[in-house]
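Colleague: all I have is the shape, not the residue letters:
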């Protein structure tokens, strides 16, 4: 195990994986990950697919809120735009998914940049309010614009196909989702090694100083909204394919709150944190459901209480994490790793 | 122009708006005193309504006493929440505070759901239901009582802040915590009192809403979301703004429902406050009565 | 020698026991709204179905086989319904599902046809009645469309005023609310009744004063409200506060015993369509229900929606019985079995149920009730014509 920090080149300093063993672990992890569809049953794969989508969305939100410091409650609305764009492109224009997913992302990104315009003038709570208002307005528009979205009846999304190969099973969807997720993680990680990413962080930490130093706040704030919304839009498009039917009810404001919970519990400003948070929050209702169904022999009333318990546990976890681990699971993991790295000299 | 239609919408807007004003006042009190944003105000309203219902129906306590007991309970709840949850987070990131109150709202909602279920529970008839004629319009007596209660509460609050020692101490804490501390004011106590008052004010709103609607259920917590356009309109740190903002938003909602809904086939009433919010943010981000924030590096 | 003989016979017995045990239960999925916006009627419905199945199992089940009803609360959220459906079909391998809401049932209708899973919904949407479009969807009772037509027939019969009667439709903008509206529009036109206003209300609300005032501008004589009982109660109270003179008619999820409890005086004189008997009503099958509830007392109030659930349970259990007798306990087998039901009697809990391969409307009869003295009082039965062109509307 390595110890100490001795770098001689800039490349070495910026590298993502600092040791040979880390790279090997990553390759092993990827192998295990992509072997999952071979033996995992359908409904578990469904949960894992949803985790993959959540990872993409959480990274997107973290780019905006964790890295650039712009609080946004409009996540659910962006996902809805991504999902309905993708569905509409698929049904109306028969566009294959490898065009409709990026295009849905771009549509969401432009909308995101539009919503980001207020961020140039207002910050903090006011921006959060504006994004929340945007959510309700988008929800209203989705319900009303029936020709595109199908209104309250919703939209049935056509199965993605490559030629005649249909991606209609959970296993095939898994491959699609995780290929995109890995690209998303890589891109995000690299983003924060570049000038753009560092500008984002500068805006979060001290926007006025950054502006004085020559960082173009307008450009980078809008870019942050754009990139973040692209991610979230892609996640929305993938949800459309996974759920097969989308309606305005698929993206209520609680989805936005869930995603905020993901990045806070996972760790603001950390890609790994977004992944942890996504896994945790997506698994939480499933674990609760398994617990209540297995206990339902002795406590049959529990099934009725499941929804309330999920809310209760979610709320308590958010509060506990915020009080005791404000930097999220990523920092806790970092501390644990460091403890073992420096053992027995850990502090 | 149908005057009766207009007036009915106006009065309904006033009543609904006065409840918004109550919830918004609670929000603003907390913000002014502690710089925290309490997104769980709607849940305080809901808790107040359920407690009062419990006292009225299960324990058969007369209405005015039930209100006082509910207030006591809400004050205690507010103070406990402040101590346990908000105290450790003093000084942290804005988004942490927002998330913590969101977490709190989830917990409160869940506890009420576990205790009472999701069914609508009928609220006992407290005010006589026969309407009173004001000019050409029949107005439900419950409405008049609601407006009356809100006015009295606001008057009490205003005199509290203006004339009582604690009220002045709270105002001092709100304008500068450090100076207040150095003057010997227990800032911690002020925080606790502000949360207690906010909880009381919201629970009054919940009780009134229960009596007007005749039944309460989980959907009461959505009032918490409505409060946001109100405080933005009125100004985050102005109680007067909260009241005026509440009334304006209530009236705006009803007019949207009455005049715009038929044009768009429904849904305009719910989305109008949010469109208003965006417009206000564009032109007057600090609201009608809020103070402009000067940022320093 | 002796030991291995004993072991072998033991093994045979165990295998036989396990296979027979496995064959003892029939798995059915239940997707309910216990905590969502329609839980006020979702919960009693779920309890009705569960109790009916518990009762059926206590009487020996389906040809000796017990029904294993697996319950999931989806809180009226369509994505949860999708997830529950996937789990039921892929993991639990249920033979049929009893679902709940219009939105999710209509969303799932293509998949259940593909997977051949018979789907009973508590949604009475007319869109689920045409077997050429939705061959695997069923429900027990007159469709929402036939209910609104029944209302219009009643209006036509009882309208004594000058000129055409004026009606308004009030409904939330989701699948359940919108389901009967087009049918109502067409039939009103056919009967010469003037549809003066359509008012869209939210799915959940604290007050609908502005909506009611809007409706009042057109001065309808009757208004049909298609939403669930808690929201009807709020609406009726608001209407009373405003002094609105319109006579209100509720759909079958509005006219329940909970209405007078919630709306109190505002419920007096309000009419509604019922597809099932009120709880405790004097029909043949009610004794079974009241006896069961005496033996298994519960804190929950029992009402017509509970009876509805019970009628559902009895009906599809009968379908399972027929399918099992024909040794065709598969999704398709159950569907075919259900389509042989002719004038199936639930004991008067609901009008006689008939499904055919070309028509999934179990009945076109419904009963009009009025709230008098705080109680659901029967007015009369209506039957709307069973027209072929109305299939799927």
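Modeller: Sure thing, it's come through. Remember, predicted model here, so these are calculated numbers, not experimental data. Numbers count the residues shown, from 1 in each chain, chains lettered A, B, ... in the order given.

Colleague: residues of the stretch 151-300 of chain A that sit close to chain C?
Modeller: Within the stretch 151-300 of chain A, the residues that sit near chain C (C-beta under 8 Å from any C-beta of the partner chain) are A:151, A:152, A:153, A:154, A:156, A:243, A:244, A:245, A:247, A:249, A:250, A:252. Glycine gets a C-beta too; all of them are placed from N, C-alpha and C.

Colleague: ok, and the most crowded of the residues you listed?
Modeller: In terms of neighbours by other C-beta atoms under 10 Å in any protein chain shown, those top out with residue A:247 at 29 neighbours.

Colleague: next one, pLDDT for that residue please.
Modeller: Looking at residue A:247, its pLDDT is 82.

Colleague: follow-up on the earlier one: turn the residues of the stretch 151-300 of chain A next to chain C into TSV, columns for secondary structure.
Modeller: Shown next, in TSV, are these (DSSP: H, G, I helix; E, B strand; the rest coil):
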residue	secondary structure
A:151	helix
A:152	helix
A:153	helix
A:154	coil
A:156	strand
A:243	helix
A:244	coil
A:245	strand
A:247	coil
A:249	helix
A:250	helix
A:252	coil
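
Colleague: quick check: the two most widely separated of those?
Modeller: For these, the farthest-apart pair by C-beta to C-beta is A:156 and A:252; their separation is 20.0 Å.

Colleague: residue ranges with poor pLDDT in chain C?
Modeller: The model of chain C has pLDDT under 70 over residues C:1-23.

Colleague: strands of that one, residue ranges please.
Modeller: C:25-32, C:66-73, C:96-98, C:119-120, C:137-138, C:166-172, C:194-201, C:222-225, C:247-250, C:271-274, C:365-372, C:375-383 (DSSP state E).

Colleague: now for those, which one comes closest to chain B?
Modeller: strand C:194-201 (2.6 Å; C-beta to the nearest C-beta).

Colleague: can you give the contact residues for that closest one?
Modeller: Contacts to strand C:194-201, defined as C-beta atoms under 8 Å, 6 or more residues apart in numbering or on different chains, come from residues B:261, B:265-267, C:164-173, C:177, C:181, C:184-185, C:188-189, C:208, C:211-212, C:214-215, C:217-220, C:227, C:231, C:235.

Colleague: neighbouring strands for that strand, and are they parallel or not?
Modeller: strand C:166-172 (parallel) (DSSP bridges).

Colleague: run the chain-centre distance for the strand it pairs with.
Modeller: Using C-alpha atoms, centre = their mean, to the nearest Å, the mean C-alpha position of strand C:166-172 is found 21 Å from that of the whole chain.

Colleague: what's the burial count for residue C:190?
Modeller: 11.

Colleague: lowest-confidence helix or strand of chain B?
Modeller: strand B:137-140 (a mean of 72; mean pLDDT, DSSP states H and E).

Colleague: the helix or strand following that strand: how far from the chain's middle?
Modeller: For strand B:137-140, the following helix or strand on the C-terminal side (DSSP states H and E) is helix B:141-163. In terms of C-alpha atoms, centre = their mean, the centre of helix B:141-163 is found 13 Å from the chain centre.

Colleague: other residues contacting helix B:141-163?
Modeller: Taking C-beta under 8 Å, 6+ apart as the rule, helix B:141-163 contacts B:11-12, B:14-15, B:18-19, B:21-22, B:25, B:126-132, B:166-168, B:170-171, B:197, B:201, B:204, B:208, B:211-212, B:239, B:243, C:241.

Colleague: and with 6 Å instead?
Modeller: B:15, B:18, B:127, B:128, B:132, B:167, B:204, B:208, B:211, B:212 (C-beta atoms under 6 Å, 6 or more residues apart in numbering or on different chains).

Colleague: got a list of what the fourth one touches?
Modeller: Right, residue B:128. residue B:141.

Colleague: how about the last one?
Modeller: Counting by C-beta under 6 Å, 6+ apart, residue B:212 makes contact with residue B:142.

Colleague: same thing but 10 Å
Modeller: Under the criterion of C-beta atoms under 10 Å, 6 or more residues apart in numbering or on different chains, the neighbours of residue B:212 are B:15-16, B:19, B:123, B:127, B:140, B:142-143, B:145-146, C:206-207, C:234, C:237-238, C:241.

Colleague: next, the angle from the lengthiest helix in chain B to helix B:141-163.
Modeller: What stands out as the longest helix in chain B, according to DSSP state H, is helix B:3-34. Relative orientation of helix B:3-34 and helix B:141-163, computed by axes from the mean of the first three to the mean of the last three C-alpha atoms, to 10 degrees: 30 degrees.

Colleague: so where's the stretch 101-250 of chain B uncertain?
Modeller: For the stretch 101-250 of chain B, the ranges with pLDDT under 70 are B:129, B:135-137.

Colleague: what parts of it come near chain C?
Modeller: Counting by C-beta under 10 Å from any C-beta of the partner chain, the stretch 101-250 of chain B comes close to chain C at B:113, B:117-125, B:129-131, B:133, B:137-143, B:209, B:212-220, B:222-223, B:226.

Colleague: got the residues of the stretch 151-297 of chain B near chain A?
Modeller: B:218, B:222, B:225, B:228-229, B:231-232, B:236, B:264-268, B:270-282, B:285-287, B:293, B:295-297.

Colleague: which of those are buried?
Modeller: Applying 16 or more other C-beta atoms under 10 Å in any protein chain shown to these, the neighbour count classes B:218, B:222, B:225, B:228-229, B:231-232, B:236, B:266-268, B:270-278, B:280-281, B:285-287 as buried.

Colleague: out of everything not next to it in sequence, what's closest to the closest residue to chain B within the stretch 201-350 of chain C?
Modeller: When distances are taken as C-beta to the nearest C-beta, the stretch 201-350 of chain C reaches nearest to chain B at residue C:210, 2.9 Å away. Of all residues not flanking residue C:210 in the chain, residue B:257 sits nearest, at 2.9 Å (C-beta to C-beta, 6 or more residues apart in numbering or on different chains).

Colleague: and residue C:378, how many neighbours does it have?
Modeller: Residue C:378: 13 surrounding residues under other C-beta under 10 Å.

Colleague: so how far is residue C:265 from it?
Modeller: Distance of residue C:378 to residue C:265, computed by C-beta to C-beta, to the nearest Å: 21 Å.

Colleague: what's residue 119 in contact with, if anything?
Modeller: The chain I'm using is chain A. The contact partners of residue A:119, taken as C-beta under 10 Å, 6+ apart, are A:64, A:68-72, A:113, A:126-127, A:130-131, A:203, A:217-218, A:221-222, A:224-225.

Colleague: oops, wrong one, chain C.
Modeller: C:29, C:31, C:85, C:96-99, C:105, C:108-109, C:111-113, C:128, C:134, C:136-139, C:331, C:335 are the contacts of residue C:119 under C-beta under 10 Å, 6+ apart.

Colleague: who is it paired with across the strands?
Modeller: So, taking DSSP bridges as the rule, residue C:119 has residue C:97, residue C:137 as bridge partners.

Colleague: what's the separation between it and residue A:207?
Modeller: 55 Å.

Colleague: one step back: was I right about the residue nearest to residue C:210 contacting residue B:5?
Modeller: No: counting by C-beta atoms under 10 Å, residue B:257 does not reach residue B:5; the two are 11.4 Å apart.

Colleague: joint contacts of these two?
Modeller: Taking C-beta under 10 Å, 6+ apart as the criterion, residue B:257 and residue B:5 both touch C:210, C:213, C:214.

Colleague: residues near residue A:251, how many?
Modeller: Neighbour tally, residue A:251, other C-beta under 10 Å: 27.

Colleague: where do the helices sit along the stretch 101-250 of chain C?
Modeller: C:102-115, C:144-158, C:175-178, C:181-191, C:209-217, C:229-242 (DSSP state H, counting those that start in this stretch).

Colleague: what sits against residue B:214?
Modeller: B:120, B:122-125, B:129, B:142, C:233-234, C:236-238, C:240-241, C:262-264, C:266 are the contacts of residue B:214 under C-beta under 10 Å, 6+ apart.

Colleague: please repeat the previous calculation with a cut-off of 8 Å.
Modeller: B:122, B:123, B:125, C:233, C:234, C:237, C:262, C:263, C:264, C:266.

Colleague: please check those and keep the buried ones.
Modeller: For the contacts of residue B:214, buried by 16+ other C-beta under 10 Å: B:122, B:123, C:233, C:234, C:237, C:262, C:263, C:264, C:266.
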